[in-house]
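Undergrad: sequence first, then the predicted structure:
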Amino acid sequence: MVDSSVQQLIDTVAWVLIEDGRILCGRPRGKDVYFIPGGKREGAETDLQTLVREVAEELTVELDADTAVHVGTYEAAVADGHATVVRMACYTAEYRGVLTASSEIDALAWFGYRDRDLVPPVDQLLFDDLAAAGLLR
């Protein structure tokens, strides 16, 4: 029997790309919610290794890890009521290439603060901080 009171942690890293007061989000294939680009750590990857790999897989661009700046780390329960918490370490970084949705991503969108309800709870915390700093309109 599984103890449902035990929290599970999903450890993720996300890329924060803001242009003209809007943040880049993607909707993975088969999902109806948008996320900040990034994903789960594999094995002993560092934050930056995870970030570079995930962004290349999702958006077909190459991040310059030397330009990465930590924006913040956020934690929130998943929206479905389970005892699962998502931790998301967020970074900005310069990139090379053309932003293109890979086969993993159905759609890309640029969201402003008014689109906050279209992203998961942990992403909403980032939206709140970016809006408070005047970076997201």
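TA: Thanks, I have the structure now.
Undergrad: roughly how far does the closest residue in space to residue 117 that isn't next to it in sequence sit from residue 40?
TA: Among residues not flanking residue 117 along the chain, residue 124 sits closest, at 7.8 Å (C-beta to C-beta, 6 or more residues apart in numbering). For every residue, glycine as well, the C-beta is placed using N, CA and C. Distance of residue 124 to residue 40, given as C-beta to C-beta, to the nearest Å: 19 Å.
Undergrad: now residue 73
TA: Applying C-beta to C-beta, the value for residue 73 to residue 40 is 15 Å.
Undergrad: quickly find the element holding residue 87.
TA: Using DSSP states H and E, residue 87 falls within strand 84-92.
Undergrad: what sits against the residue nearest to residue 117?
TA: Shown in contact with residue 124 (C-beta atoms under 8 Å, 6 or more residues apart in numbering): 76, 116, 117.
Undergrad: for it, helix, strand, or coil?
TA: Secondary structure state of residue 124, per DSSP: H, G, I helix; E, B strand; the rest coil, is helix.
Undergrad: OK, contacts around the residue nearest to residue 122 when sequence neighbours are not counted?
TA: Closest residue in space to residue 122, ignoring its immediate chain neighbours: residue 76 at 4.0 Å, by C-beta to C-beta, 6+ apart. Taking C-beta under 8 Å, 6+ apart, we find residue 76 in contact with 85, 86, 120, 121, 122, 124, 125.
Undergrad: how about a cut-off of 7 Å?
TA: Listed by C-beta atoms under 7 Å, 6 or more residues apart in numbering, the contact set of residue 76 reads 85, 86, 121, 122, 125.
Undergrad: one step back: more neighbours, residue 73 and residue 40?
TA: More neighbours surround residue 73 than the other of residue 73 and residue 40, with 16 against 12 (other C-beta atoms under 10 Å).
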